[in-house]
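Participant: Task: produce atomic coordinates for the following.
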Amino acid sequence: MTERIELDGLDLSALLCSRVCHDIISPVGAIINGLEVLDEDNSADMREFAFGLIRRSAGQASAKLQFARLAFGAAGSAGAEIDLGDAEKVATGYMEGEKADFTWEAPRVLMPKNLVKLLLNLILLANAAVPRGGKVSVTVQSAAPAHFVLRSSGPSARVPAAFEKLVPGDIADVLMDAQLVQAYYTGALARVCSVDVKARLDGEDVVVEAVAAG
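Facilitator: Residues are numbered from 1 along each chain as shown. Now for the predicted structure:
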């Protein structure tokens, strides 16, 4: 049996930092643009436009940072549990800045933090399955044992690039970048949580299902 090649810890952390920065750059850049508009034209109409742009972009940046803190950060001490209501709040805030509509159905319970991180990262993969927009729905069918179902519906819905290879952790012959690392990191979380993750086409929809192993 061929030994699986794993990503070096330093490379993984660097790529995840790039992944987070990619999300934050756009709204921060929009804030800067709004401030430049105020510097160049202080008329009432332009002030209204600029302040609207700044408010929206600041809200998006805050939502993406809160999501990243929970999805990628430590989020409490080892063994900590997180309220799924908090996870819903950050996921909804993140998706408000995306093209796809978002729905969430889950019990209001505490769940081990790595399982919550896994669920949030699965949302990113489900969102990537509909790059032109559509709908992403999340259903936590069971919290213990874990059973998550995510359905992505939209024009040209597709299983995210390299999903089948990278979620299991196989990086042989893969030129890893800040986008592809998402699937790899999600798979690493799934293995830590002893959860099997699969993606399939269901008609024109993409369904991602995560089920506790055993």
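
Participant: sec struct for the spatially most central residue of the chain, please.
Facilitator: The centroid of the chain falls nearest to residue 124 when counting by CA atoms, centre = their mean (2.8 Å). Using DSSP: H, G, I helix; E, B strand; the rest coil, the structure places residue 124 in helix.

Participant: for residue 139, same thing?
Facilitator: Quick answer, by three-state DSSP: residue 139 is strand.

Participant: OK, contacts around it?
Facilitator: 105, 106, 148, 149, 150, 151 (CB atoms under 8 Å, 6 or more residues apart in numbering). The way it works is simple: take the backbone N, C-alpha and C, and place the C-beta from them, glycine included.

Participant: residue ranges with poor pLDDT in this protein?
Facilitator: Along the chain, segments meeting pLDDT under 70 span 1-5, 75-79.

Participant: thought the residue nearest to the centre of the chain was touching residue 182?
Facilitator: Yes: using CB atoms under 8 Å, residue 124 and residue 182 qualify as a contacting pair, with a distance of 5.6 Å.

Participant: quick one, helices of this structure?
Facilitator: 9-40, 44-71, 84-95, 113-128, 163-166, 181-192 (DSSP state H).

Participant: So for the second one, what gets flagged as buried?
Facilitator: With burial defined by 16 or more other CB atoms under 10 Å, the residues of helix 44-71 counted as buried are 50, 53-54, 56-57, 60-61, 63-68, 70-71.
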